[in-house]
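> Task: produce atomic coordinates for the following.
(one chain, ligands or ions: 1)
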Amino acid sequence: MARIGDLLAAKRTVSFEFFPPKTPNATMALGKAVGELEALNPDFVSITYGAGGSDRHRTGGVVSWMRADTDLEPMAHLTCLGHTRTEVASLLVDYRRNGVENILALGGDAPADGTPAKSDYTYALDLIHDVATTDCFSIGVAAHPEVHPRSASRESDRRHLAEKMRMADFAMTQFFFDVEHYVRLVDEMAALGIDKPIVPGIMPVTNVKQVARMAELSGTAVPTWLTDRLEGCSDPQHVRKLGVEAATQLCQDLLDAGAPGLHLYTLNRAATAKEIVVNLDLVVA
Ligand SMILES: Cc1cc2nc3c(=O)[nH]c(=O)nc-3n(C[C@H](O)[C@H](O)[C@H](O)COP(=O)(O)OP(=O)(O)OC[C@H]3O[C@@H](n4cnc5c(N)ncnc54)[C@H](O)[C@@H]3O)c2cc1C
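Numbers count the residues shown, from 1 in each chain. Down below sits the predicted model:
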């Protein structure tokens, strides 16, 4: 068992993100991906949480399964939107009982289907406070290199992130495609007196439409150098190859810029993440 804050203090980490499956086939796909990526000895993995708490049992199930039946160090994403304080307290007790030591404490977004997501919380900071009060978890928070879409200004985005980071052990970023966004974020946080680790999240483009949709939701710009490269590319294998090349280059740029770790979004498939880690010679025997 390991706390991610301690891991980051000791070494540069490699980690993977998964999402909780909804169908038996998706469960099989996740099991296969986890098995293949576990062989690369990642420092930790994270499991996302459904908007408005819709995946609360699924996320808990995957995290507890990983804790019990794999050698992986899991981090549970947890959003405050859609939760009462009592529900959060009960989830945290369950995680603690199952030996889970890492929580990514998030604001969350309202479900896309318009279901109202009532909550005792307004911002992630309130949730971070409740998780920190238990004194049982290493806490990560979300950072948005290109500024969160709901932020009133860049300055307020950074100020609120600094408040979160003062209570947390590390931040993990939204995905982005140009290293400059990350470097600028780290500099801005340093100017606010924050030198805790900021782990970049990397989304390899394997499906142009899917990534364009996710980028729009998160306020991430897909740069023209990338769209130009992918434009007119109808062969999915070719798209994947270009996506792996671009993500490998971004990871290398991030390591050169001093990133404390790399967190790769897998979309529950092993091949792409594996190829990037091997390209970068980051496999730990
Ligand atoms: C690494 C990562 C993982 C994620 N995983 C998930 C997931 O598993 N499930 C999921 O549903 N979503 C996930 N998200 C998305 C996230 O929930 C959304 O981006 C959400 O809209 C914001 O989350 P936050 O934690 O940054 O929220 P907050 O920190 O609450 O910030 C939200 C907005 O409010 C502003 N703000 C904060 N405090 C104040 C204040 N006191 N006054 C005024 N404004 C304020 C911030 O500047 C920002 O604009 C993830 C995001 C990242 C970066």
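
> List the buried residues of the helix of greatest length in the chain.
With secondary structure taken from DSSP state H, the chain has its longest helix at helix 236-256. Buried residues in helix 236-256, defined by neighbour count with 16 or more other CB atoms under 10 Å: 239-240, 242-244, 246-248, 250-251, 253-255. Backbone N, C-alpha and C define where each C-beta goes, glycine included.

> Check whether N41 really touches V277, as I assumed.
No: N41 is not in contact with V277 according to CB atoms under 8 Å; the separation is 9.9 Å.

> got the residue ranges for the strands in this protein?
In the chain, the strands defined using DSSP state E lie at 13-18, 44-47, 74-79, 102-106, 138-143, 170-175, 198-202, 261-265.

> tell me which of the buried residues of helix 236-256 is nearest to C80?
Ranked by distance to C80 (CB to CB), the buried residues of helix 236-256 are led by L254 at 28.6 Å.

> so what's that closest one closest to, chain neighbours aside?
Counting by CB to CB, 6 or more residues apart in numbering, P200 is the residue found nearest to L254 once chain neighbours are left out, at 5.2 Å.

> Kindly report the same for L242.
Nearest residue to L242 in three dimensions, chain neighbours excluded: R229, at 5.6 Å (CB to CB, 6+ apart).

> Next: K32.
A270 (7.1 Å).

> residues touching the one you found, list them.
Contact analysis of A270 by CB atoms under 8 Å, 6 or more residues apart in numbering lists 32-33, 36-37.

> Just want to check the distance between it and the ligand.
According to CB to the nearest ligand atom, to the nearest Å, A270 stands 20 Å off from the ligand.

> and if you look at T84?
Here T84 is placed at a distance of 17 Å from the ligand (CB to the nearest ligand atom).

> how close does the residue lying closest to that residue once chain neighbours are set aside sit to the ligand?
The shortest distance from T84 to any non-neighbouring residue, by CB to CB, 6+ apart, is to D120 (4.7 Å). As judged by CB to the nearest ligand atom, D120 and the ligand stand 14 Å apart.

> what does G82 give?
Separation of G82 from the ligand (CB to the nearest ligand atom): 9 Å.

> does that residue really touch K118, like I thought?
Yes: using CB under 8 Å, G82 is in contact with K118, at 7.0 Å.

> Give me the more crowded residue out of the two.
The neighbour comparison of G82 against K118 (other CB atoms under 10 Å) goes to G82, with 24 against 9.

> how about whichever residue of the stretch 101-250 of the chain sits closest to the ligand, phi and psi?
Closest contact between the stretch 101-250 of the chain and the ligand, by CB to the nearest ligand atom, is at G107 (2.5 Å). For G107, the backbone dihedrals (degrees, to the nearest 10) come out as phi -70, psi -50.
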